[in-house]
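> need a structure here:
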Amino acid sequence: MSPAPTPHQNAAPPIAGVELGGTKMFVLRANGRDIVERVTIPTTTPDETLGAAAALLQRWHGDAPFAALGIGSFGPLRLDRAAHDFGHMLPTPKPGWTGADIYGALTANLPCPAAIDTDVNGAALAEARWGAGAESDIPSDCLCYITIGTGLGAGFALHGRPLHGAMHPEVGHILTRRAPGDSFAGACPFHGDCIEGLVAGPALAQRFGVPGDRIASDDPRWDDVAHDIAQMIGTILLTTAARQVLIGGGVGMGRTALLDRVRAQVVAQLAGYLPFVTTETVGSIVRPPALGDQAGPLGAVALALDALENVHPG
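Okay, here's the model as predicted:
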């Protein structure tokens with residue numbers, strides 16, 4: 001008689017995922033990479049938001065046990081499993097969330113393997129495996145996913161795994177060279193005119209005096225925004241040699257005119273130094289995510305599948 005298959009051998013193991021963003025949280029369950037149910041919870045206080053998600057996960061697990069849980073969260077996060085505050089939120093501009101125990105609150109009383117990473121690292125994994133990295137002729141050995149919305153974060157899939165070191169990448173808080181004549185002071189409470197403080201949603205509202213979605217796409221004020229985003233992308237291409245840089249999030253997606261301006265600025269600013277970045281190739285290098293707004297939820301799925309694989313290596 002053959003032994004019972006371990007969970008990783010199933011074609012579509014039942015799993016659960018959480019994508020925690022600055023304004024809302026998605027709690028989902030899936031069969032393999034196929035999401036079958038998703039619930040939206042507003043991001044308010046840690047106790048309220050994480051408590052609601054934990055109760056839902058425990059109810060789902062009681063009704064139909066899932067094999068693993070993946071958590072993708074806005075950051076910064078402590079991802080060193082040896083640290084006493086593993087899975088906690090580090091100092092963040094999000095009021096009330098510094099020190100929140102994301103991992104502990106969501107995994108309590110769930111007898112299954114779990115993984116936590118930044119939402120953007122998760123999205124990068126999903127895009128490398130099932131999105132832009134899978135549909136393109138460009139190798140997906142180094143892919144960057146950027147979300148520009150309430151904040152700005154960037155994640156990297158490096159040879160199919162998320163990039164970690166002392167922490168995880170914190171691209172949103174790098175300082176870039178300003179556009180000539182741009183006097184906007186920036187909106188980041190930590191660094192002022194870091195890239196998040198220049199181009200994330202709250203920064204655009206301060207820069208323009210109204211939310212960015214109320215500014216016409218041909219308004220010349222977008223030129224400085226495109227310059228700043230291109231500075232960030234150039235820095236990423238020069239320091240990581242990423243094959244693709246995907247721009248997602250509420251500011252990043254749905255603005256074709258802005259993306260075109262960014263691409264032109266990337267080519268101009270690099271000035272021919274990187275031979276693989278040309279007017280002809282930049283459209284396939286700097287592009288929207290192939291998975292669209294599903295990159296984040298599928299990132300949680302990818303993390304759950306990795307957690308399961310780490311328990312039952314194939």
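
> apart from its neighbours in sequence, what residue is nearest Ala12?
When the adjacent residues along the chain are set aside, Ala12 lies closest to Gly32, with 3.5 Å between them (Cβ to Cβ, 6 or more residues apart in numbering). Any C-beta I mention is one placed from the backbone N, CA and C, and that applies to glycine too.

> which ones are touching the one you found?
Residues touching Gly32, when contacts are defined by Cβ atoms under 8 Å, 6 or more residues apart in numbering, comprise 11-13, 15, 301, 305.

> how close does it get to His61?
In this structure, Gly32 lies at 17 Å from His61, with Cβ to Cβ, to the nearest Å as the measure.

> and for Ala30?
Distance of Ala30 to His61, computed by Cβ to Cβ: 14 Å.

> so between the two, which is more surrounded?
Neighbours were counted for Ala30 and for His61 using other Cβ atoms under 10 Å; Ala30 has more, 24 against 18.

> quick one, helices of the stretch 51-200 of the chain?
102-107, 119-130, 132-135, 195-199 (DSSP state H, counting those that start in this stretch).

> can I get these in CSV with distance to Ala54 and mean pLDDT?
Supplementary listing: the helices of the stretch 51-200 of the chain in CSV, determined by distance: least, Cβ to Cβ, whole Å; pLDDT from 0 to 100:
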stretch, distance to Ala54, mean pLDDT
helix 102-107, 6, 98
helix 119-130, 18, 96
helix 132-135, 32, 88
helix 195-199, 29, 96
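
> tell me which of those is the most buried.
Ranked by mean neighbour count, these are led by helix 119-130 with a mean of 30 (mean count of other Cβ atoms under 10 Å).

> which other helices and strands does that one contact?
Helices and strands touching helix 119-130, as assessed by 3 or more Cβ pairs under 8 Å, 6 or more residues apart in numbering; DSSP states H and E, comprise strand 14-20, strand 69-73, strand 142-148, strand 152-158, strand 161-162, strand 244-248, helix 295-311.

> the inter-axis angle of that helix versus strand 14-20?
Comparing the axes of helix 119-130 and strand 14-20 via axes from the mean of the first three to the mean of the last three Cα atoms, to 10 degrees yields an angle of 140 degrees.

> could you dump helix 119-130 to CSV, C-alpha only?
Listed in CSV are the C-alpha atoms of helix 119-130, where the atom choice follows Å, rounded to 0.1, in the frame of the first residue of the first chain:
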residue,chain,number,x,y,z
ASP,A,119,4.0,42.6,0.5
VAL,A,120,6.3,43.7,-2.3
ASN,A,121,8.8,40.8,-1.9
GLY,A,122,5.7,38.5,-2.2
ALA,A,123,4.5,40.3,-5.3
ALA,A,124,7.9,40.1,-6.8
LEU,A,125,7.9,36.3,-6.3
ALA,A,126,4.5,36.0,-7.8
GLU,A,127,5.5,38.1,-10.8
ALA,A,128,8.7,36.1,-11.3
ARG,A,129,6.9,32.8,-11.2
TRP,A,130,3.5,33.4,-12.8
